[in-house]
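>>> Show me how the following folds:
(one chain, ligands or ions: 1)
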Amino acid sequence: MCLARRLKGGRGRRSRGHPDAARRTTWRYLATMLSLKLPQLLQVHQVPRVFWEDNIMSGYRRPTSSALDCVLSSFQMTNETVNIWTHFLPTWYFLWRLLALGSSGFPAEPYHLPLLVFLLPACLYPFASCCAHTFSSMSPRVRHICYFLDYGALSLYSVGCAFPYAAYSMPASWLHGRLHQFFVPAAALNSFLCTGLSCYSRFPELESPRLSKVLRTSAFAYPFLFDNLPLFYRLQLCWGRTHSCGQEALSSSHVYHLFCALLTGFLFAARLPERLAPGRFDYIGHSHQLFHICAVLGTHFQLEAVLVDMGSRKAWLTMQEPTLGLEATMATLSLAVIGNLLIIAAFTAYLLRSPGSCPLLQGGPLEEEVQAKRQ
Ligand SMILES: [Zn+2]
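All right, here's what the predicted structure looks like:
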């Protein structure tokens, strides 16, 4: 009503006054309307601790937002907006790469199957992350569940990486050895450990943030190191050689991928640059946004590197016996998906059964306010 009265008054003044003044007045009304539509953002001390991000002081959404508020907030500049978009857009990029390869006759040849299996979780993990960042401000419970799913998708991505590495990137001396034979099943087992440890790492987050961080970093560093063993071996074989090391040579895309992965891990652990200037990078430039960008660039270079290995080693690899057929590939992938979903379901069930008073689920003053109103 106040706004309507002000708008009415504004129109009256606009008709009587100078055109410039009228334009300024119109802009002021538009700005007023816009600020009324957009939910107010909160400072760090106005949200419960469970929503705090290290050294991010402002730009928080209401911790009791509805699902619609969360979706709309992706069009408002909050401290999560760039996190959402830096994984939403790459989802479509990887999906486009998958569809482009799929429509080019790739799936008809069994040799290409591991590449397509890699691209499925490469599309899934940025999408899961985008959803987690979008809906993480609905309640403490939803926030934890969103991140459980995010971690699960990342774990599946680590399994997805193992398929093309086993099929196209193994060093010649490892071919059909014990590690090669069990490489993909071991990656699937690693993903269970990764999901379990990363989901568990949310529990000591408030009491022991350092322990939580060590657990989560280890949860993702371990499958990364395991998956990339063939590349590390090939790298040390070729390191410092003056002459070409033939099919063991790593392409520049492999090197860019490893560099991006290193940078991703560093940003995740170091929390730079916001650690140096808390509050200065709340909206743009904080470590999690850079972490997303490096992760996506890493996946892009990884895809390019896999394509290089797949093409350049094809003549030699097609003479070898394939490690996993279609049935074994589908069975391993299904086992990895089911196992990870069960682990996430177990953590979710525990969370749903926990009383609201448990520190992990403390909604803080805003949630209590809403509950009091409901009663
Ligand atoms: Zn993220």
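
>>> how close does Leu297 sit to Arg353?
Leu297 sits 40 Å away from Arg353, going by Cβ to Cβ, to the nearest Å. Quick note: C-beta positions are derived from backbone N, CA and C, even for glycine.

>>> So for those two, which residue has more residues nearby?
Leu297 (18 against 7; other Cβ atoms under 10 Å).

>>> Would you mind listing the buried residues in the longest helix along the chain?
For the chain, the helix with the greatest residue count under DSSP state H is helix 326-353. Within helix 326-353, the residues scored as buried using 16 or more other Cβ atoms under 10 Å are 329, 332-333, 335-337, 339-340, 343-344, 347-348, 351.

>>> So which elements touch that helix?
Contacts defined by 3 or more Cβ pairs under 8 Å, 6 or more residues apart in numbering; DSSP states H and E place helix 326-353 against helix 113-135, helix 140-164, helix 178-200.

>>> For Thr64, which of these is the nearest?
helix 140-164 (9.8 Å; Cβ to Cβ).

>>> Which other helices and strands does the closest one contact?
Helix 140-164 is packed against helix 113-135, helix 178-200, helix 209-227, helix 287-312, helix 326-353, with contacts defined by 3+ Cβ pairs under 8 Å, 6+ apart.

>>> Find the residue ranges of the chain scoring beneath the pLDDT cut-off.
1-37, 242-243, 321-324, 356, 363-375 (pLDDT under 70).

>>> check contacts around the residue positioned nearest the centre of it.
When the chain is reduced to its mean C-alpha position, the nearest residue by Cα atoms, centre = their mean turns out to be Ser129, at 3.8 Å. Neighbouring residues of Ser129 by Cβ atoms under 8 Å, 6 or more residues apart in numbering: 83, 87, 150, 153-154, 292.

>>> how about a cut-off of 10 Å?
Ser129 makes contact with 83-84, 86-88, 90-91, 146-147, 149-151, 153-154, 292, 295-296, according to Cβ atoms under 10 Å, 6 or more residues apart in numbering.

>>> coming back round to it: out of the helices and strands packed on helix 140-164, deepest packed?
helix 113-135 (a mean of 23; mean count of other Cβ atoms under 10 Å).

>>> Contacts only, for Asn228.
So Asn228 contacts 161-162, 165, 169, 235, 254, 257-258, 261, 302 (Cβ under 10 Å, 6+ apart).

>>> any idea how far it is from Ala295?
15 Å.

>>> One more: Leu333?
22 Å.

>>> Equivalent analysis for Ser155, please.
Using Cβ to Cβ, which is the criterion applied here, Ser155 is 14 Å from Ala295.

>>> hmm, back to that, so for Thr318, which of the helices and strands packed on helix 140-164 sits nearest?
helix 287-312 (10.8 Å).

>>> and that closest one, what other elements does it pack with?
On a contact count with 3 or more Cβ pairs under 10 Å, 6 or more residues apart in numbering; DSSP states H and E, helix 287-312 meets helix 81-102, helix 113-135, helix 140-164, helix 229-238, helix 252-270.

>>> The next helix or strand after that helix: which residues count as buried?
Remark: after helix 287-312, the chain's next helix or strand is helix 314-317, criterion DSSP states H and E. For helix 314-317, the neighbour count (16+ other Cβ under 10 Å) marks Leu317 as buried.

>>> ok, residues contacting helix 314-317?
Outside helix 314-317, the residues that touch it by Cβ under 10 Å, 6+ apart are 111-112, 167-170, 172, 175, 246-247, 309-310.

>>> now, among the residues you listed, which is nearest to Phe192?
Using Cβ to Cβ, those come closest to Phe192 at Ala167, 22.1 Å.

>>> What's the local residue count around the residue nearest to Gln289 when sequence neighbours are not counted?
The shortest distance from Gln289 to any non-neighbouring residue, by Cβ to Cβ, 6 or more residues apart in numbering, is to Val82 (4.5 Å). When neighbours are defined as other Cβ under 10 Å, Val82 has 20 of them.

>>> show me the residues around the closest residue to Phe127 other than its chain neighbours that make contact.
Leaving aside its sequence neighbours, Phe127 sits nearest to Thr91 (Cβ to Cβ, 6+ apart; 4.3 Å). By Cβ under 10 Å, 6+ apart, Thr91 lies in contact with 122-131, 296.

>>> Closest one to Gly285 out of those residues, please.
Nearest to Gly285 among these: Val296, at 16.4 Å, using Cβ to Cβ.
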